[in-house]
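K.L.:
I'd like to go over a predicted model; first the sequence, then the structure.
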Amino acid sequence: MQYVSTRGGMAPQAFSDILLEGLAPDGGLAIPEHYPQVSAQTLAQWRDLSYAELAFAVLSLFVDDIPAEDLRALTQAAYDPSLYVGEAMVPVKPLQGDMALLGLSQGPTLAFKDMAMQFLGQVFEYVLEKRDSHINILGATSGDTGSAAEYALRGKKRVNVFMLSPHGRMSDFQRAQMYSLQDPNIHNLSVKGVFDDCQDIVKQLAGDLDFKQSMQLGAVNSINWARIAAQVVYYFWGWLRATDSADQQVSFAVPSGNFGNILAGHIARQMGLPIARLVLATNENNVLEEFFRTGIYRPRDSAHTYATSSPSMDISRASNFERFVYDLVGRDPDALRALWDQLATQGYFDLSHLKDRFESEYGFVAGQSSHADRIATIAQVYRETQVLIDPHTADGVKVARDHMQPGVPMLVLETALPAKFSETIEEAIGQPAPVPEHLQHLNDLPQRVVVMDADVEQVRAYMLRNA
């Protein structure tokens, strides 16, 4: 399997090469030359696999430059049940009727990002050891990516992590998870701005090819293809547990900020997984919902990116959206590049002439949820099922209800444990969310963080001093 750039300026490369690169040299994103296909017969053979075994089977389709026995060892280590809370990994938890939750919040940081990041931590270390190399990870987080990356990479001898987060925009729990880490290879930078400001700094530094090369710069957010490939696994896992025949369709509802989580569902569907609908749920920052409703993509500036009670989705410029648009325009890098040039100069692009294909060809529908919606949804789900969901998952449940189809199971991808957003939970149900015993004193731990302006040169200077 070879990988190319969405913008056409990168010679085909193997998985291990793009793993360490982050952005492609032309500013695009790495994507497979083609999507591997999975037959109904193969799906039937996968029904009894453990999660680690399924991860090996799916990732083998994307990774052919790591020996099979080594890749199997990496997936076994990443998905060792002892790292995850609960009796079963990634359980399907019934809600009401044909709707259920796909449980993704059982990892070390209690968020779905762990499902990919644990694999990323293993495969980074493996490839760096093989190449006798080091890497500096530069990332941006709106809440959960940062902690998942840091917990997966803490203490790794060949990796430094520089994680940018928006100052004052995450929950207390999210901040404590990240900033309490004392490992010398972990650096938290709290940027005075919103997530998009953090993401812009990452893109500027990754686009400076001299800096990127001299610093051996890599990425762990969802521009890294390995993250997306690892997330594809749980779509297959969920489908296998929600069906009993090879042709049965399932829909997935996905709270979405940076478009990486639902992009993995798009890829699973392109691989042949029988997915009826991919339901994209946004909060008040509904740039993606607006695109799927109108065909016009118009990101907002920082001043118009709202701080909401589902903060991990407070994003207006979704990095992974480029990979979907690449497919939408027939994998034509010239067409893709023209759209992004227009976006840079005019602030929007218009694909409304393709709007009929969003659902008919790709299964995409979308909706948005407000603070009042998520409070009401958390309260109703808890009252009727005794299942407590976090605010982002509540956005998914709210929007999913509008897109149910008779006889088609709807799996809502769980985002995080409710304990990470206790203030909102208390508003919804009148009591704080329970905190796992091993994390009850998290807020009491000393925190290590550097606050700085949203200034690319300040970040550059800090990295040069601390790499």
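P.N.:
Everything's here; your move.
K.L.:
going forward, measure contacts and count neighbours with C-alpha atoms only.
P.N.:
Noted.
K.L.:
just give me the neighbour total for Gln96.
P.N.:
11 (other C-alpha atoms under 10 Å).
K.L.:
list the contacts of it.
P.N.:
Contact analysis of Gln96 by C-alpha atoms under 8 Å, 6 or more residues apart in numbering lists Thr385.
K.L.:
what's across from it in the sheet?
P.N.:
Gln96 forms beta bridges with Met99, as assigned by DSSP bridges.
K.L.:
okay, it: pLDDT?
P.N.:
On pLDDT, Gln96 comes in at 89.
K.L.:
buried ones in stretch 157-169, by neighbour count?
P.N.:
158-167, 169 (16 or more other C-alpha atoms under 10 Å).
K.L.:
please save the CA atoms from it in PDB.
P.N.:
Below are the C-alpha coordinates for stretch 157-169, written out as PDB (Å, rounded to 0.1, in the frame of the first residue of the first chain):
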ATOM      1  CA  LYS A 157      12.900   7.800  24.800                       C
ATOM      2  CA  ARG A 158      12.900   8.800  21.200                       C
ATOM      3  CA  VAL A 159       9.900  11.200  21.300                       C
ATOM      4  CA  ASN A 160       9.300  14.700  22.600                       C
ATOM      5  CA  VAL A 161       5.700  16.000  22.600                       C
ATOM      6  CA  PHE A 162       4.800  19.700  22.300                       C
ATOM      7  CA  MET A 163       1.100  20.000  22.700                       C
ATOM      8  CA  LEU A 164      -0.800  23.300  22.100                       C
ATOM      9  CA  SER A 165      -4.200  23.800  23.800                       C
ATOM     10  CA  PRO A 166      -6.500  26.800  23.900                       C
ATOM     11  CA  HIS A 167      -6.000  28.800  27.100                       C
ATOM     12  CA  GLY A 168      -9.100  28.500  29.300                       C
ATOM     13  CA  ARG A 169     -11.100  26.600  26.700                       C
END
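K.L.:
make a markdown table out of the buried residues of stretch 157-169 and add distance to Arg277, pLDDT and secondary structure.
P.N.:
Putting the buried residues of stretch 157-169 into a markdown table (distance: C-alpha to C-alpha, whole Å; pLDDT from 0 to 100; DSSP: H, G, I helix; E, B strand; the rest coil) gives the following:
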| residue | distance to Arg277 | pLDDT | secondary structure |
| --- | --- | --- | --- |
| Arg158 | 41 | 93 | coil |
| Val159 | 39 | 94 | strand |
| Asn160 | 39 | 95 | strand |
| Val161 | 36 | 95 | strand |
| Phe162 | 37 | 96 | strand |
| Met163 | 34 | 95 | strand |
| Leu164 | 34 | 95 | strand |
| Ser165 | 32 | 94 | strand |
| Pro166 | 33 | 93 | strand |
| His167 | 36 | 93 | coil |
| Arg169 | 32 | 87 | coil |
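K.L.:
pretty sure Phe421 sits against Ile389.
P.N.:
No - using C-alpha atoms under 8 Å, Phe421 is not in contact with Ile389; the gap is 9.9 Å.
K.L.:
distance of the residue lying closest to Ile315 once chain neighbours are set aside from Phe195?
P.N.:
Nearest non-adjacent residue to Ile315, counting by C-alpha to C-alpha, 6 or more residues apart in numbering: Gly257, 5.5 Å away. Distance, Gly257 to Phe195, using C-alpha to C-alpha, to the nearest Å: 10 Å.
K.L.:
contact partners for the spatially closest residue to Thr282 that is not a sequence neighbour?
P.N.:
Leaving out its chain neighbours, the residue that sits closest to Thr282 by C-alpha to C-alpha, 6+ apart is Gln368, at 4.7 Å. Residues near Gln368 by C-alpha under 8 Å, 6+ apart: 281-284, 286, 289, 395, 399.
K.L.:
which among the residues you listed gets closest to Ala344?
P.N.:
Of all the contacts of Gln368, Asn286 has the smallest distance to Ala344: 19.6 Å, by C-alpha to C-alpha.
K.L.:
neighbours of the closest one, how many?
P.N.:
Neighbours of Asn286 using other C-alpha under 10 Å come to 23.
K.L.:
could I get the phi/psi values of it?
P.N.:
Dihedral pair for Asn286: phi -100, psi 40, per degrees, to the nearest 10.
K.L.:
coming back round to it: shared neighbours of Gly257 and Phe195, anything?
P.N.:
Contacts common to Gly257 and Phe195, judged by C-alpha under 8 Å, 6+ apart, are 314-315.
K.L.:
pLDDT on the one helix or strand Glu69 maps to, on average?
P.N.:
Element membership of Glu69, judged by DSSP states H and E, is helix 68-78. Computed over helix 68-78, the mean pLDDT rounds to 98.
K.L.:
I figured Met463 hits Phe162, correct?
P.N.:
Yes - judged on C-alpha under 8 Å, Met463 makes contact with Phe162 at a distance of 7.5 Å.
K.L.:
from the buried residues of stretch 157-169, which is closest to Asp455?
P.N.:
Leu164 (11.4 Å).
K.L.:
report the contact partners of the closest one.
P.N.:
Taking C-alpha under 8 Å, 6+ apart, one finds 138-141, 146, 188-191, 198 in contact with Leu164.
K.L.:
any chance of the residues you listed in CSV, plus secondary structure, neighbour count and pLDDT?
P.N.:
Output for the contacts of Leu164, formatted as CSV (DSSP: H, G, I helix; E, B strand; the rest coil; neighbours: other C-alpha atoms under 10 Å; pLDDT from 0 to 100):
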residue, secondary structure, neighbour count, pLDDT
Leu138, strand, 25, 93
Gly139, strand, 26, 90
Ala140, strand, 27, 90
Thr141, coil, 22, 87
Gly146, helix, 29, 84
Asn188, strand, 24, 96
Leu189, strand, 23, 97
Ser190, strand, 22, 96
Val191, strand, 25, 96
Cys198, helix, 27, 93
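K.L.:
which residues does Arg72 contact?
P.N.:
Arg72 makes contact with 53, 56, according to C-alpha under 8 Å, 6+ apart.
K.L.:
can you give me the distance of it to Pro274?
P.N.:
26 Å.
K.L.:
who's in contact with stretch 132-141?
P.N.:
20, 128, 146, 158-166, 195, 198-199, 202, 215-221, 467.
K.L.:
burial of the nearest residue to Phe324 once chain neighbours are set aside, as a residue count?
P.N.:
For Phe324, ignoring the flanking residues on the chain, the nearest one in space by C-alpha to C-alpha, 6+ apart is Leu263 at 6.9 Å. For Leu263, the neighbour count with other C-alpha under 10 Å is 24.
K.L.:
contacts for the helix or strand harbouring Leu263?
P.N.:
Counting by DSSP H and E, the element that carries Leu263 is helix 260-270. Here helix 260-270 makes contact (C-alpha under 8 Å, 6+ apart) with 35, 37, 222-223, 228-229, 231-232, 235-236, 252, 254, 256, 275, 278, 280, 319-321, 323-324, 362.
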